[in-house]
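1. test case, fold it:
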Amino acid sequence: MTGRRGETSTSFDSVPERTFLRLRREARGKGVVGEEELEEDLDIVMEEEVHNHAGEGAGNHAPQERRVLGSYINPNPGNCGSSILKPTIHANNFELKPQLITLVQNNCSFGGSVQEDPNQYLTTFLRICDTMKSNGVHLNTYRLLLFPFSLRDKASKWLESFSKESLTTWKDVVNKFLARFYPPQRFNRLRAEVQTFRQQDGETLYEAWERYKDLTRKCPPDMFNEWVQLHILYEGLSYESKNALDHSSGGSLNKKKTIEEAIDVIETVANTEYLYASERRNNRGVMELNNMDAILAQNKMIAKQLAYLTKQIEKNQATAIHT
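-> Model prediction:
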């Protein structure tokens with residue numbers, strides 16, 4: 001049905017259709033088969049059309065919920081909760097025991113200060129989580145649930161800065177954690193410390209080697225190759241330590257040994273030096289103790305002699321007075 005030219009009617013106009021059907025029946029004669037059924041169908045279509053338009057009108061003009069101004073500033077409890085999405089747990093009787101939370105808080109708490117080492121914290125945290133095992137519970141479930149309890153101070157506020165349940169995987173949590181607390185500036189400073197490593201005055205090879213290993217453990221795996229690390233160590237050692245390593249290598253550590261063999265030589269020489277140094281310290285302690293005992297015994301003898309002389313002098317003076 002159309003109204004004005006170019007416009008289509010949005011409603012079903014039933015009156016002209018009925019008039020058309022009635023006039024056609026009168027012209028052809030009553031009792032034409034199909035005309036009555038067609039008019040009944042038209043009535044059904046008209047009723048459905050009217051019902052649909054009524055429903056649309058009610059939907060378009062449905063009253064909106066009345067909201068007062070104060071409701072816009074009320075706290076929204078929907079924003080409260082953890083930034084980490086609680087993982088799906090298939091075990092029926094799973095429970096995060098308070099003892100586990102206490103264990104994490106007492107052994108690997110991280111506050112986010114400059115003095116704290118994020119790598120060392122993560123190593124300890126993962127070592128604790130890896131000891132836990134439950135049927136139907138993935139290992140990352142323990143990590144995600146315990147991670148918030150291991151943070152404090154600045155690190156805890158950092159975790160709360162994320163939207164509710166926006167962190168969904170352990171990998172996502174770790175990547176964001178390292179990006180925040182191990183920024184490029186810290187990597188650059190650590191690289192400079194490794195590259196400028198030097199054995200200090202009075203520091204044994206064992207002490208220098210342990211300090212160097214602790215320093216390189218903080219570096220990312222791809223920062224220095226193993227052969228680069230060994231060259232930096234060798235160049236930073238004292239003349240005596242280089243000599244000891246070269247002698248144990250059969251002439252030259254760099255020219256005679258592979259990476260694995262060089263590490264074994266350094267470990268062997270450093271540990272041997274540590275054992276001999278410990279024995280020397282123990283022997284020196286025994287000698288110093290013996291010398292101290294001798295000095296004390298000598299002092300006691302001198303004190304006795306002084307006391308005897310004092311008595312003799314007093315006795316002689318008393319005899320002279322009576323005489």
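2. might one say that Val104 is in contact with Ser150?
-> Yes - between Val104 and Ser150 there is a contact under CB atoms under 8 Å: 4.9 Å. Just so you know, the C-beta spots here come from the backbone N, C-alpha and C atoms, and that holds for glycine as well.
3. give the residues shared as contacts by these two.
-> Listed contacts common to Val104 and Ser150 are Phe125; contacts here mean CB atoms under 8 Å, 6 or more residues apart in numbering.
4. pLDDT weak spots in the stretch 101-250 of the chain?
-> Within the stretch 101-250 of the chain, no range satisfies pLDDT under 70.
5. all strands of it, in order?
-> In the stretch 101-250 of the chain, no strands are found when defined by DSSP state E, counting those that start in this stretch.
6. now do the helices in it.
-> All helices of the stretch 101-250 of the chain, identified by DSSP state H, counting those that start in this stretch, fall at 118-129, 139-146, 153-160, 170-181, 184-195, 205-217, 226-236, 239-248.
7. go through these and pick out the most buried.
-> Mean neighbours per residue, mean count of other CB atoms under 10 Å, is largest over those for helix 139-146, with a mean of 19.
8. who are the packing partners of that helix?
-> If contacts are counted by 3 or more CB pairs under 8 Å, 6 or more residues apart in numbering; DSSP states H and E, helix 139-146 sits against helix 98-107, helix 118-129, helix 170-181.
9. buried residues in the shortest one?
-> Spelled out, it's helix 98-107. Within helix 98-107, the residues scored as buried using 16 or more other CB atoms under 10 Å are 100, 103-104.
10. how about those in TSV, adding distance to Ser134?
-> Output for those, formatted as TSV (distance: CB to CB, whole Å):
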residue	distance to Ser134
Leu100	11
Leu103	16
Val104	16
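11. ok, so of the residues you listed, who is nearest Gly136?
-> Within those, the smallest distance to Gly136 is 17.2 Å, found for Leu100 (CB to CB).
12. ok, that closest one touching Cys129?
-> No - look at Leu100 against Cys129 with CB under 8 Å: they stay out of range, at 9.1 Å.
13. which neighbours do the two share?
-> Contact with both Leu100 and Cys129 is made by residues 142, 146, according to CB under 8 Å, 6+ apart.
14. so which of the helices of the stretch 101-250 of the chain is nearest Glu65?
-> The closest of those to Glu65 is helix 153-160. By CB to CB, the value is 31.7 Å.
15. what's next to that closest one, contact-wise?
-> By CB under 8 Å, 6+ apart, the list of residues contacting helix 153-160 from outside reads 83-84, 110-113, 147-148, 151, 180-181.
16. farthest pair in these?
-> Ile84 and Ser113 (22.4 Å).
17. neighbour-wise, which of the two wins?
-> Legend: neighbour count by other CB atoms under 10 Å for Ile84 and Ser113, higher for Ile84 (22 against 10).
18. show me what contacts the closest residue to that one other than its chain neighbours?
-> Leaving aside its sequence neighbours, Ile84 sits nearest to Leu167 (CB to CB, 6 or more residues apart in numbering; 4.7 Å). Leu167 sits next to 83-85, 173, 176 when contact means CB under 8 Å, 6+ apart.
19. repeat for Val137
-> With CB under 8 Å, 6+ apart, Val137 has these contacts: 89-91, 94.
20. and what of Thr204?
-> Under the criterion of CB under 8 Å, 6+ apart, the neighbours of Thr204 are 270, 273-274, 277.
21. try 6 Å this time
-> Contact analysis of Thr204 by CB atoms under 6 Å, 6 or more residues apart in numbering lists Glu273.
22. distance of it relative to Glu210?
-> When distance is defined by CB to CB, to the nearest Å, Thr204 is 10 Å away from Glu210.
23. any idea which of the contacts of Val137 is closest to Leu122?
-> Taking CB to CB as the measure, Ile89 is the one of the contacts of Val137 closest to Leu122, at 23.3 Å.
24. what's the distance between that closest one and Phe187?
-> In terms of CB to CB, Ile89 sits 36 Å off from Phe187.
25. Gln199 contacts Tyr239, doesn't it?
-> No - contact between Gln199 and Tyr239 fails when scored by CB atoms under 6 Å: they sit 9.9 Å apart.
26. with distance to Met301 as added columns, please give the contacts of helix 153-160 in CSV.
-> Output for the contacts of helix 153-160, formatted as CSV (distance: CB to CB, whole Å):
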residue, distance to Met301
Ser83, 77
Ile84, 76
Phe110, 62
Gly111, 61
Gly112, 64
Ser113, 59
Phe147, 70
Pro148, 71
Leu151, 66
Arg180, 71
Phe181, 66
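27. right, I'll leave it there.
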